[in-house]
Every structure is written in C-alpha cells, then in structure tokens.
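[1] after the sequence you'll find the predicted model.
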There are 2 protein chains.
Amino acid sequence: MPTALPLSAALLSLLTAAPKAPAPAPVTGPSPQVAERLIGAALTEGHAYARLAELTDGIGPRLSGSEGEQAAVQWAKRSFEADGVKVWLEPVKVPRWVRGEESARVVGSERHRAHPLSIMALGGSVGTPAEGLTAEVIEVRSLEEVAALGEKVKGKIVLFNHSMTVAADYGKAAGLRTRGASVAAKSGAVGMLVRSLATASLRSAHTGAMRYDEGVAQIPAAAVSVEDAELLHRLLAGGPVKVELKLGCQTLPDADSFNVVAEVKGREKPQEVVLLGAHLDSWDVGTGAHDDGAGVAMVMEAARLIGKLKPAPRRTVRVVLFANEENGLRGGKAYAEAHAGELANHVAALEMDAGGFKPLGVTLRAGPGGAELVAPWLKPLDALGAGSVLQGDAGGADISPLIPARVPFVGVRVDSSRYFDVHHSWADTLDKVDPKELAQSTAAVAWVGYVLAEVPGVLPRPEAPPAEAPKPAAAPVGTPKPAAP
Amino acid sequence: MPTALPLSAALLSLLTAAPKAPAPAPVTGPSPQVAERLIGAALTEGHAYARLAELTDGIGPRLSGSEGEQAAVQWAKRSFEADGVKVWLEPVKVPRWVRGEESARVVGSERHRAHPLSIMALGGSVGTPAEGLTAEVIEVRSLEEVAALGEKVKGKIVLFNHSMTVAADYGKAAGLRTRGASVAAKSGAVGMLVRSLATASLRSAHTGAMRYDEGVAQIPAAAVSVEDAELLHRLLAGGPVKVELKLGCQTLPDADSFNVVAEVKGREKPQEVVLLGAHLDSWDVGTGAHDDGAGVAMVMEAARLIGKLKPAPRRTVRVVLFANEENGLRGGKAYAEAHAGELANHVAALEMDAGGFKPLGVTLRAGPGGAELVAPWLKPLDALGAGSVLQGDAGGADISPLIPARVPFVGVRVDSSRYFDVHHSWADTLDKVDPKELAQSTAAVAWVGYVLAEVPGVLPRPEAPPAEAPKPAAAPVGTPKPAAP
Ligand SMILES: [Zn+2]
Ligand SMILES: [Zn+2]
C-alpha cells in the first residue's frame, strides 16, 4: 500500500527523533548474531559436558605429578587441536605428593570399643611411622584455642572440630586445614586431624592442601569425616580418647608438568590478552568433576566457540589450564613469571573454579567504571539469570599471582551452595554435574570472554595491592580458594 | 462457701446427664495419668537416646557372631537389669560371616584409565580367589532380563543396575540384592554386582543380605555405590568394560548367640503376651544406629517405663531383642520355635525396624474390628501426629515367623523417607538420629504397648496365611524388610 509509506516514514522519523534529551551515550553494543551463536551453541551442543566426561571418566583423577595428570595434559592438547585452537605446553615443575595406605581408629577403652575412623591424609602431609602413631586427642575449634591450651596440647593429636555447615563457611574453616598442623606442632602436638570441610556427609573424608611452617616440627595431618569428628567429640565428653593414626603418604622429588595454553588471536589488538583459566589438576580421590573438570570444560568450550567466530574478536582470548592448583599453585606462579613481560597487556583474567553449577552473574575486580563498561554487554545472559554485575570480588587461586601486575579480574559466579558436598572427596564425580547447569555456565563464560575481547574499551585496572606481608612463608598457597558466594 | 455446693452439684448432675441420646458405647478409656506418665517420660527424659548412644558409640557394630554382638547382648542384659526389668537370654545359633579385605576396579582400556570402585561384599557372599576375579561386566535392570540375555551372561559379572530412588522402591529392588547372584549364576555368570539400595549417595556402598539357591554355583556378590554403577553404565555405552573384583569374605562355623528377652508381668492376665520387638544385631559397617539401634532403644525404654507403672497393665509386655535379623533371621525363628506353645496367647506383636524417625501413626495386621478396638485409645498420641490407625499392614522380619500362629501385628509407622540414605552403610551412625524424633517414636511405642496390654478386649486374630509356597528354599530370608511407607 504505497499511500501508507510517507506517513509511516514521517511517523518513524518522529518516533526515533524523540525524546531529544538526554542524548544516549554512543555505546557500540554487542552483536546479536554473535550472542546467538555462542550462547546457542553452548546450550544446545552438549560439547562441554562431553569433554568433562572424557576428562573424568576417561582420564580420572590427576594429582600433580601423577600419570593421570600427564594423561590429562596430553588429552587437553589433543582436544584443543581437534577444536582447531592453537595450543602449546609451558613447562612447570610440580610437587609430587603421593598418598599411601592410610587408616585410623579410636583405640578401645573401658567406656567404648574400638571404632575405625574415616580419614584422608591432607595433601603435603608427612606420613606416620609404619606402626602408626597413637596418642590422646584434644579437641579445639580454632587456631587461637591451641595456643590458649598451652602445655595440654603436648604429645596429643589435635582435632580441629570447626562448625562449617554451609559453603560460605569454607574460607574461614580452610585455614584450620591449611595451617592447623604447624600451629598444633608449635604447642608440641604429635598429630593433627581436621573435621572435613563439608556441607554434606555420609562418613566422607575431604582432603585438601596443608603446609608446614619453616622451623616447626612436621606432624602428620589428616581430614576426618564429619561423623567421626562428632563421634570423637561425644567420646571426649566421657574422658580421654586415644586415636591410632597410620599415614603412608610421602613427598617425592618434583615432577615435570605443564600449563596447557591455547589461544584465539585477536583481529585488531592481538597483543591484548583476555585470559580464561581453570586448573587441570585435581586431588587423587574422585575424578575432579566439579573441581575443576567443570571449569576446564567451560573454558575449553569457550575457546572452541570463540575460535569459530569470523571475524575473530578484537583482542586475543587465551585459555590457560593451570597445573598444580591444588597443592602448590606452581602453575599459576609459572604463568605469571613466564608472561611477566606481557602482563601489562593482560586486559582481563577470569578463572572458573567453583564447580559446574548454574551461573548467577558476573563479578569484577577492576578500577572505577569497570561495571559501567561491562554491564550493557551482559544483556544476552539475562535469560540465563546471569546478566547482572554482582557485588563481590572476582578472583581465583591461579590468577592471584597476576594481582601485583594489576590485571583486572572478571568472574562468572556460579551457585556453589552444594559444592562442598563433594569437594575434594571421592564423591566429586561426573554424576554430580548437571549437564544443563554446566551448559548454562559455559554459555556465560563464552559470552563474557567474547565481551572482554570485543568491547571497545578495556577495564580500568584495579589499585595496586598493599605491600607484601613481611613473612612470605606464612602466605597461604594453593587452597584455600575464594569462599563460595 | 457452703451455699454454692448444692447448686454446683445440681449443675454437674445436669451436665453429665445430657445429652441423653445416642448413648455412647461403654468403652473404658485409657487412664490419662498413665498417658501423662509414659508419654511425658519418653519425651522429656532422653533415656532412649542415651541408651542408643551406649549401643552405637559404646558397643558399635554387632554383626551376628562378632565380638560386638556378644558385647551388645551383655549390655542389653545389664541395661534391663539396671532398669529393674526381668530379663533372660534364649540361645540362638547364628551364622558367622566375616568380611575380609575387599576391593574392585575398572580395568583400564584404550577408552579409559582404571577406576577404583566403591564396593562392599553382600552378607553371605563367598569370596573370590585371592588374586581376584576379572571379567567383563554385563548390565541388567531386573532378574528377568538375565534370563532373556541367555548365553551373553556366561563368564560375565552381572551388574544389577536398578532405578531405586525413593524409600518406597526398596522392597522391589531388594530382590535383586537377595536373589541376583543365583539368578545370574544359573546363566553362567561368574560374579554379581548390585547397585546399592540407596536414596542418597556420596560414593557409599550399602551392604545387605543375599542367599544362594541350592544346586547353583555360588558366585561372589557385592554392592557397588550408585556413583560407580552409573560410571559402569556410562563406560559400557562405549564398549566392553572389565572389572576386577577381590572379596576376602568367608562363612565360618555357626556361633552361639542369644535373643534377649525381658518382660513386665501382667496384673490380671499374665499369660497373655504383648510382644515388642527390635533386632540387636547390625551389619558390620557403621554402628547400626537407625538399623536397628533405634528400635532397640525404643522397646527397651517402653519396657522400663511400663515396668514402673503401678499397677502393672492387665497383660504381660514382653520385649524381645532378636538376634541375627540381618543375615539369617535365626533369632526370629528361634523365638517362634521356643515359644510355640504360648503363641496362641500372644495377643499382639510389634517390631520397630524402620529407623529412629518421627512416628506417623499405627498400623495393624488383625482380623475385622481391630482398628475399632484400638483407635479410641490412641488419642494421647494425637499431639505427636501419631494418633490414627493408618492403612497398610503391620509386620517385621523377626515377627514374621509368628504369622502361621495368627498373632495379630501392630506397627508404629515412622517417617522412613530418609532411612535408605544410610541403611546398611558406614553412615548409619548416631549423628543421623534426631533425639527429638527418637523420643517421639519411643513415646508412641510405649503408649501402644501399654494400650495393647491394658485395653479390655484383644485384637481379632488375622486370617490364616495361605499354604506355604512349594519351594521353601526360594523364600526370602532376613532382609528384604517391609518397604518403608
Ligand atoms: Zn579447584
Ligand atoms: Zn533392621
């Protein structure tokens, strides 16, 4: 109907002209086609979950220095190659701690018969003598309480029986696991048990990293199941309780491993790097499905999907699968050292390491104006419930060595409320990962990675960190990880 | 004020006289004082939970023929004596099956590396050769499917990978555990794995009873964790999967044990017996807190509280802590034999064996008119949510040998929806029992026991059971227990 045309055009002109003020800022928004492609593929192709199955069911556990870790490195390299993504290996010397035979029991007494305990040596612990170590248990709730007990700790096995019940408690309780042995040893303890850092338990022990302070006796340290920590608590109410602990673990010479690095070169500013990270290693129990197979699957899939975009995004997207997050952080440190010269050009770093759960939104650790830069580009994630910038810092153990270089951090926060049901335990297996949730988080990571590589501006860099603490030996390494939201 | 007296008396007379019609049936109701005493004590004194702690933390597991079982028998005897309840031991020969070293793993292949499996031998299983048994796995969902597969089963380890997800599925799935090995062996299988009968799992194996059919090869049988059953299912989708199974279990000669029998003599009809039962044995893993320490604590406390009533109830209340429910039912059979002459005077039998959970109501297995007899006396349980007669049979493995004698059964149904999270696993420990819920069920059991001993009439006896199935060897023994509601 030609008569309608002049009117429509006039109306259109009127509508688009008004309102005149205030004039919207000339923001170049994200391409809807790219959003469709990245998010649509992540949600429909199931590629990340299939990769996670290869890594968990096919490779299995992959503690630093183990055959599983080596197999995982080769698998990751092959997988990037199969995806058409450029990949290379960067050498990292990793600690090699190996679990041995291990057991513990409450020694029988007049008040009670013997009870086996469900325990797991903490990563890095020394072993006990082959015949085991038998001592009375003394129960504390905090590191401070050990010092307050003074002489009473001497010759005892200290049980750190904290009150973690929800994921948000992890950050606080992890200090007991990491530092408890040395704090106890300073007061003369001969062994250390920590209640597993768990939000659910079916007599499950949860391992994790610990470290010894220099100049302090190295005493054996193990996690004990929540049930058994409660058993010890009840038995202690009736009088002295002895525990026999046998740990066959030991530390072997460092092993050769690698960070697996892959990248999609930027079309316009290839020297500017957006780093998407996860850690390829896991503990030696379970198959590291949530920790951190899920993160690995997400960032690998982000690289694959971004790598297929024509044209490529403005900046380089680099995926790093870090070695040795769990018990040494050697991969994160090695990356920061090897790439020291280009960290000023790292415009953003993101690490996925809180499980393969549904995405909740985006977090930032950047200078003022960061949220304003990113927020308008997150709309495509609204339907996944992840399109907002959330309060709270972004971070990640492996990217923490980038802090001195003031690299801006970005996070895709996931719903980690059930993460510590399985974290660092035998139950961290593929069945615990919901393929739908993993696909949603993968979509969010792919999109955020693209946004950071394509958005016209770059994130303002955060403030320089405060001066280093005077005693670097006291700084935690490896875990604890950032507490879940 | 003396003037008020005549008026009050007149008013009282008027009130109690009206309404004239319809005349209420002349039911002698329960004594409010007794209800207060029994229910009040059970809810406030915490005695049942303290006893449960002694049994679980103090004695621990108590598989038939073990030292723990012997210790439990002596503990129970001492405890009844301390409560001032007459107690004696009735000898029972029990099977003595002992678990040995056990392990299993998926053998590595080109498609996947090796995986350890979380398994537990089923009670009664034969062991494997010391070097283990290695064979391909074949997965089925039902006993029927084994027969349908025919020759394909030969030389394989059959995995019964059922779909139990809720407590109500237990009854059906338990048949796979109990009968699966012999059904598989008939088709030439060399080993059997059953997915654990669990409603929650953190890679937890759940043991339980199995039996071999006569004249069929006895093949090793173990439960595998839900996670590992799912792992095997996924791996099998990619091709053949081999499992190596090592079970060190064996059956030793029968051992001497006892039913622990205690009673409070009736004041008027001492020859009429109300039996309150539970089983004292447990599996060798965990401490049998829900299964069946809780039942033991409830009926022991019922005896203690009823024993303190002056006068005693009309009939005798007899508490029986049965031996060997889990792997033989020898205690239940021995009781029925030893007391054959007085079963006609067993006016009711109740067994608590579905966990220490909150009470939901009362069930009956009696002739017509049973509910009408009991219902008016249950009002004192209304405030606990347990004052109604519910649909569904009452029963219990240990009292099932009383069925031919037409003993009426009564049940206090509990909310067993979470029972199979821990049932027959390492996680069945005291911490899983809520002291409040245990106190409530104890109150219900004490009250129901009193009611059955005091109510003027007796429950009509149920119909005689149908004639025995022709092949007694095929009748299930021990578990499976009645499915949870
Ligand atoms: Zn991690
Ligand atoms: Zn039972």
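    Cool, got the structure. Ligands and ions are numbered 1, 2, ... in the order given.
[2] residues in contact with whatever residue of chain A ends up closest to ligand 2?
    Closest contact between chain A and ligand 2, by Cβ to the ion, is at A:L202 (18.3 Å). To be clear about C-beta, it is placed using only N, CA and C from the backbone, and glycine gets the same treatment. Neighbouring residues of A:L202 by Cβ atoms under 8 Å, 6 or more residues apart in numbering or on different chains: B:200-202, B:204, B:421-422, B:425-427.
[3] let's go with 7 Å and repeat that
    B:200, B:202, B:204, B:422, B:425, B:427 (Cβ atoms under 7 Å, 6 or more residues apart in numbering or on different chains).
[4] and those residues, which two are furthest apart?
    B:L202 and B:V422 (10.9 Å; Cβ to Cβ).
[5] and stretch A:188-208, does that touch ligand 1?
    No. For stretch A:188-208 and ligand 1, the contact criterion (Cβ under 5 Å from the ion) is not met; the two come no nearer than 9.9 Å.
[6] for that stretch, measure first residue to last.
    Chord length of stretch A:188-208, first to last residue, is 23 Å (Cα to Cα, to the nearest Å).
[7] break chain A into its domains for me.
    Structural domains annotated on chain A: A:9-96+A:253-474, A:100-248, as defined by automatic domain parsing.
[8] TSV for the ones you listed, including mean pLDDT?
    Shown next, in TSV, are the domains of chain A (pLDDT from 0 to 100):
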stretch	mean pLDDT
domain A:9-96+A:253-474	92
domain A:100-248	97
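[9] kindly reformat those as CSV containing distance to B:A444.
    Converted to CSV, the domains of chain A look like this (distance: least, Cβ to Cβ, whole Å):
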stretch, distance to B:A444
domain A:9-96+A:253-474, 33
domain A:100-248, 26
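[10] what does stretch A:65-78 contact?
    A:54-55, A:59-63, A:87, A:89, A:94-96, A:255, A:257-258, A:260, A:280-281, A:284, A:321, B:113.
[11] please narrow the residues you listed to those residing in strands.
    Among the contacts of stretch A:65-78, the members falling in strands are A:87, A:89, A:94-96, A:255, A:257-258, A:260, A:321 (criterion: DSSP state E).
[12] out of those residues, who's nearest ligand 1?
    Taking Cβ to the ion as the measure, ligand 1 lies nearest A:L321 of those, at 12.0 Å.
[13] quick one: the closest residue to A:E268 other than its chain neighbours and chain B, what's the gap?
    Closest residue in space to A:E268, ignoring its immediate chain neighbours: A:R314 at 4.4 Å, by Cβ to Cβ, 6 or more residues apart in numbering or on different chains. Applying Cβ to the nearest Cβ, to the nearest Å, the value for A:R314 to chain B is 40 Å.
[14] check whether stretch A:36-50 contacts chain B.
    No. Legend: contact between stretch A:36-50 and chain B by Cβ under 7 Å from any Cβ of the partner chain is lacking; minimum distance shown is 11.3 Å.
[15] so which bits of the helix or strand where A:A181 lies are buried?
    Per DSSP states H and E, A:A181 falls inside helix A:170-186. Going by neighbour count (16 or more other Cβ atoms under 10 Å in any protein chain shown), the buried part of helix A:170-186 is A:170, A:173-185.
[16] how about the residues you listed in TSV, adding distance to ligand 2?
    Converted to TSV, the buried residues of helix A:170-186 look like this (distance: Cβ to the ion, whole Å):
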residue	distance to ligand 2
A:Y170	36
A:A173	36
A:A174	39
A:G175	42
A:L176	37
A:R177	37
A:T178	42
A:R179	44
A:G180	39
A:A181	41
A:S182	46
A:V183	44
A:A184	41
A:A185	45
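[17] need the residues of chain A near ligand 1, please.
    Counting by Cβ under 5 Å from the ion, chain A sits next to ligand 1 at A:291-292, A:353.
[18] if we go to 6 Å?
    A:279, A:291-292, A:325, A:353, A:481 (Cβ under 6 Å from the ion).
[19] so which of those residues belong to strands?
    Taking DSSP E, the ones among those that sit in strands are A:H279.
[20] make a markdown table out of the residues of chain A next to ligand 1 and add distance to A:V299 and neighbour count.
    What follows is those, written out as a markdown table (distance: Cβ to Cβ, whole Å; neighbours: other Cβ atoms under 10 Å in any protein chain shown):
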| residue | distance to A:V299 | neighbour count |
| --- | --- | --- |
| A:H279 | 10 | 32 |
| A:D291 | 14 | 29 |
| A:D292 | 10 | 33 |
| A:E325 | 13 | 30 |
| A:D353 | 10 | 26 |
| A:K481 | 16 | 26 |
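[21] with distance to A:N345 added, can I get the residues of chain A next to ligand 1 in CSV?
    Output for the residues of chain A next to ligand 1, formatted as CSV (distance: Cβ to Cβ, whole Å):
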residue, distance to A:N345
A:H279, 23
A:D291, 30
A:D292, 26
A:E325, 24
A:D353, 24
A:K481, 27
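[22] my guess is A:V85 contacts A:V261, does it?
    No. Taking contacts as Cβ atoms under 7 Å, A:V85 lies outside contact range of A:V261: 10.5 Å.
[23] helix, strand, or coil at A:I306?
    When classified by DSSP: H, G, I helix; E, B strand; the rest coil, A:I306 comes out as helix.
[24] how much space between it and A:L364?
    Distance, A:I306 to A:L364, by Cβ to Cβ, to the nearest Å: 20 Å.
[25] how about A:P380?
    Taken as Cβ to Cβ, the span from A:P380 to A:L364 is 18 Å.
[26] likewise A:I39?
    Counting by Cβ to Cβ, the gap from A:I39 to A:L364 is 21 Å.
[27] the longest helix along chain A near chain B at all?
    In chain A, taking DSSP state H as the definition, the longest helix is helix A:435-454. No. Judged by Cβ under 7 Å from any Cβ, helix A:435-454 makes no contact with chain B; its nearest approach is 12.3 Å.
[28] neighbours of the residue lying closest to A:S201 once chain neighbours are set aside, just the number please.
    If the residues on either side of it in the chain are set aside, A:S201 comes closest to A:V226, at 4.0 Å by Cβ to Cβ, 6+ apart. A:V226: 25 surrounding residues under other Cβ atoms under 10 Å in any protein chain shown.
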